[in-house]
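> kindly generate the corresponding structure for this input.
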Amino acid sequence: MMTKVFVNLPTADLERAKAFYTALGCDISPEFTDENAACIVWSDDIYFMVITREHFATFTDKPIADPNETLQVSTAFSMDSREEVDVVLAKGLAAGGVEPKPAQDYGFMYSRDLDDPDGNSLGFLFMEPAAVEVGPDAYLASQADASA
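Residues are numbered from 1 along each chain as shown. Down below sits the predicted model:
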């Protein structure tokens, strides 16, 4: 079964959020975009709804966290190479995003985080295909054996 994923993110500035996500290479679905929200198309199965904080607050009685102060969710995307991770980070940084910490290189996985201009956390990672197959410990052991 294929499930579509919709991630709802509050934004203090809808136009800025639209510009940021289109700079990453996403499209905007005009059919589901108005003055309160924009539907950001990441892929055929993954969508972001960036929603003004005021409108977002109508969905719940809970307080809306400020993502610059509190991290509740980090959405991570698998990329096909380390280079693709670096390219998407460069695009995001040029569009006003912030890299909150240095790149993480675990030998079997390369990961970088990017906060959008509202502070919402996105992660981008590349994992060696062999590590996916056998697990990180077995992959790292095989790499150590190959270099010995």
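> looking at it, Val73 is touching Ser121, isn't it?
Yes - checked against CB atoms under 8 Å, the pair Val73 and Ser121 is within contact range at 7.2 Å. For every residue, glycine as well, the C-beta is placed using N, CA and C.
> between those two, who's got more neighbours?
Using other CB atoms under 10 Å, the more surrounded residue of Val73 and Ser121 is Ser121, with 17 against 11.
> now the element after the helix or strand hosting Ala90, going C-ward?
Under the criterion of DSSP states H and E, Ala90 resides in helix 82-94. Using DSSP H and E, the helix or strand that follows helix 82-94 in sequence is strand 104-105.
> what's the mean pLDDT across that following strand?
For strand 104-105, mean pLDDT rounds to 96.
> which per-residue confidence value corresponds to Gln143?
Reported pLDDT for Gln143: 84.
> quick one, helices of this structure?
Secondary structure of the chain (DSSP state H): helices at 14-23, 53-56, 82-94, 129-134, 136-147.
> just name the most buried of those.
Neighbour counts (mean count of other CB atoms under 10 Å) averaged over each of the helices of the chain peak at helix 14-23, with a mean of 18.
> outline the domain layout of the protein.
Segmentation of the chain into domains, based on automatic domain parsing, reads 1-59, 71-148.
> list the buried ones in stretch 27-37?
Ile28, Thr33, Ala37 (16 or more other CB atoms under 10 Å).
> just the ones in strands from these, please.
Ile28, Ala37 (DSSP state E).
> right, and the domains of the chain - which one's nearest Ala65?
When the domains of the chain are compared by CB to CB, domain 71-148 sits nearest Ala65, at 5.7 Å.
> now do that closest one: distance to the chain's middle.
Relative to its chain's centre, domain 71-148 lies at 11 Å (CA atoms, centre = their mean, to the nearest Å).
> ok, stretch 13-25 next?
Taking the mean of its C-alpha atoms, stretch 13-25 sits 13 Å from the chain's own mean (CA atoms, centre = their mean).
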